[in-house]
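Peer 1: Here is my input; please provide its structure:
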Amino acid sequence: MAVLRVPGFVRRRAGGARASDDDWAGHVRSELALELPDEDIGEDLDDCLDFYEMGSKPRCEEVEYLGLVRDARDRLLWGRQSRS
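Peer 2: Modelled structure (predicted):
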């Protein structure tokens with residue numbers, strides 16, 4: 001009977017991919033925190049967008065805030081998809 005041997009780097013990839021996703025998410029959230037230092041950004045960026053009250057900021061700040069949060073959310077999703 002033949003035994004299939006899997007190289008070590010293939011077995012380690014699954015755990016490393018998860019760590020890589022966490023590193024990427026932390027990096028994106030850090031950049032967002034630097035761009036929006038006065039905001040309390042939670043872990044889930046979709047919640048930030050869903051619970052945001054339109055008109056609670058001046059229009060120019062509102063556009064910037066929503067754009068930055070959407071961009072960060074999209075980068076997180078894109079990063080997870082490209083690493084899968």
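
Peer 1: what pLDDT does the nearest residue to residue 54 once chain neighbours are set aside get?
Peer 2: Excluding its sequence neighbours, the residue lying closest to residue 54 (Cβ to Cβ, 6 or more residues apart in numbering) is residue 62, at 7.2 Å. In short, each C-beta sits where N, CA and C put it, glycine included. Confidence at residue 62, expressed as pLDDT, is 94.

Peer 1: do the same with residue 19
Peer 2: Looking at residue 19, the pLDDT reads 61.

Peer 1: repeat for the one 3 residues further on
Peer 2: With respect to pLDDT, residue 22 scores 83.

Peer 1: Name the helix or strand for it, please.
Peer 2: For residue 22, the host element (DSSP states H and E) is helix 8-35.

Peer 1: Would you mark the buried spots in the strand or helix carrying residue 66?
Peer 2: Following DSSP H and E, one finds residue 66 within helix 59-83. Residues 65, 68, 69, 72, 73, 75, 76, 79 are the ones in helix 59-83 that count as buried (16 or more other Cβ atoms under 10 Å).

Peer 1: Tell me the helices and strands packed up against that helix.
Peer 2: Counting contacts by 3 or more Cβ pairs under 8 Å, 6 or more residues apart in numbering; DSSP states H and E, helix 59-83 packs against helix 8-35, helix 45-50.

Peer 1: Out of these, point me to the one whose mean pLDDT is lowest.
Peer 2: The bottom spot among the helices and strands packed on helix 59-83, by mean pLDDT, belongs to helix 8-35, with a mean of 73.
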